[in-house]
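Visitor: coords please:
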Amino acid sequence: MPNIKIFCGTSHGELAHKICDRLGIELGKVTSKKFSNQETCVEIGESVRGEDVFIVQSGCGEINDMIMELLIMINACKIASASRVTAVIPCFPYARQDKKDKSRAPISAKLIANMLSTAGADHIITMDLHASQIQGFFDIPVDNLYAEPAVLKWIRENIPEWRNSIIVSPDAGGAKRVTSIADKLNVDFALIHKERKKANEVASMVLVGDAKNKVAILVDDMADTCGTICKAAEKLFEAGALKVYAICTHGILSGQALTHINNSHFECVVVTNTIPQETNQNNCSKLQVIDISMILAEAIRRTHNGESISYLFGHVPL
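Guide: Presented below is the predicted three-dimensional model:
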C-alpha cells in the first residue's frame, strides 16, 4: 500500500502492531518521552510529507496523557505536510460525558472533539461510541465501527445453547444495541431498569422480560467497575436463568472490577481488545478477549483506498 503511514502512541502498541501485520506494512517510528516537568514530547521518526497518516491511540491507562500525546502527534504530522491525518481511537475518551444532565455539568466529549479538530485531525475512526450522537460533535468525518459482527460470531461459536438464549441490556440506554443482536440471532431480549443514587452506584434493579430456563447474555458497550453487570447477573439468576454471560466492547475494568468478576455468577465476561487486556486476563480466569484488530485494519485499508466501509457494519473481515 503506497503513501500510507501508521503510527501509534503509548496506549496500545500491541493493537497497532496487529493492525500493521494485517495490512503488511511497518509501524512508523515515533519517540515519545516526558520532560522532568511531565510535559509530553513526541518526535515523528520518518518523513510524512504527502502521506496518508493514521495514528492509533486508545483512550485508556493514563487517559489525559494519552489524549495530549495524540493531539501532539496529530499536530506534528499536520505541520510536517501530511496530506491527511486520521486518528484511530478504538475507545473514545470522555464519551460518557456527552450531555448536560445536571446544572453546570460539562459536555467533555464535545471538548475532546474540538481539541482533535483544532490539532489538525481530518478524519476519526472509532468503535462503539457510548452515544452515537458524539459523531455530531465533529465537523470532520467520523466512522463509528461496530463490534456487533464480532460479538455475533463469538456467541455462535462459543455458546452451544445460544438458540435458547435471551439478550439482556443492563440499562435502558443499551436497548437499541441489544434488540439489534437479538433480531440477528432470532432470540428474545430483555432489559434491566436501574436507578442510581450517585455515579457508579446502583440503588435498585428491575428485570423487564422473562429469563426463566434460558441462557442470559448481558451486552453493553463498556465494563468499568463492573458493579452494574455483576448485580444484573444476580438478578438474572434470581429470575431463573440457567447461565449468564457478559459481552462488553470496552473492558475498562477499573477499581475492584476484576474482584467483582471473579466473585460473580458469570460463566465468562467477554471484552474486545480496544483496551489492552493482557494483565487483566492474568488476574481473572473468567475474562475472555475478542480480537477486533482485523476490523480496524480493514477500515484503514478501505479509507486509504477510498472504498466504502459500510460492509464492516454487518461483517467480520476474514
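Visitor: Make sure I have this right: Ile192 is in a strand.
Guide: Yes: according to DSSP: H, G, I helix; E, B strand; the rest coil, Ile192 belongs to a strand.
Visitor: Could I get the contacting residues of it?
Guide: By CB atoms under 8 Å, 6 or more residues apart in numbering, the contact set of Ile192 is Val168, Ser169, Pro170, Asp171, Met205, Val206, Leu207, Val208, Ala232, Lys235. (Each C-beta comes from the backbone N, C-alpha and C, glycine too.)
Visitor: what kind of secondary structure is the last one in?
Guide: Meaning Lys235. The three-state assignment at Lys235 reads helix, by three-state DSSP.
Visitor: For Ile229, see how far away it is.
Guide: Noted for Lys235: a distance of 10 Å to Ile229, by CB to CB, to the nearest Å.
Visitor: picking that back up, narrow the contacts of Ile192 to those in strands?
Guide: Val168, Ser169, Met205, Val206, Leu207, Val208 (DSSP state E).
Visitor: May I ask you to confirm that the second one is in contact with Ile217?
Guide: No: here Ser169 lies out of contact with Ile217, judged by CB atoms under 8 Å, at a distance of 10.4 Å.
Visitor: What's the ChimeraX line that selects buried ones from the contacts of Ile192?
Guide: In ChimeraX syntax, the buried subset of those is picked out as below (16 or more other CB atoms under 10 Å):
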select :168,169,170,171,205,207,232,235
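Visitor: now the strands for this structure?
Guide: Assigned by DSSP E, the chain shows strands spanning 4-8, 30-34, 40-44, 52-56, 84-89, 123-127, 142-145, 165-169, 188-198, 201-208, 215-223, 243-251, 268-272, 287-290.
Visitor: among those, which is nearest Met115?
Guide: Among the strands of the chain, strand 84-89 comes nearest to Met115, with 10.7 Å by CB to CB.
Visitor: in the closest one, what counts as buried?
Guide: If you call a residue buried by 16+ other CB under 10 Å, then strand 84-89 has these buried ones: Arg84, Val85, Thr86, Ala87, Val88, Ile89.
Visitor: and Ile159, how many neighbours?
Guide: Residues within reach of Ile159, counting by other CB atoms under 10 Å, total 19.
Visitor: Contact partners for it?
Guide: Ser165, Val215, Ile217, Tyr245.
Visitor: what's the pLDDT at it?
Guide: With respect to pLDDT, Ile159 has a value of 95.
Visitor: and what of the one 10 residues further on?
Guide: In this prediction, Ser169 carries a pLDDT score of 94.
Visitor: Lowest mean pLDDT among the helices and strands of the protein, which one is it?
Guide: Sorting the helices and strands of the chain by mean pLDDT, DSSP states H and E puts strand 201-208 at the bottom, at a mean of 79.
Visitor: buried residues in whichever helix in the chain runs longest?
Guide: The longest helix of the chain (DSSP state H) is helix 63-79. Under the neighbour-count criterion of 16+ other CB under 10 Å, helix 63-79 has 65-78 buried.
Visitor: ok, these vs Met222, which is closest?
Guide: Met66 (16.2 Å).
Visitor: State the distance from the residue lying closest to the closest one once chain neighbours are set aside to Thr274.
Guide: Excluding the flanking residues, the one nearest Met66 by CB to CB, 6 or more residues apart in numbering is Ser11, at 4.6 Å. Separation of Ser11 from Thr274 (CB to CB): 10 Å.
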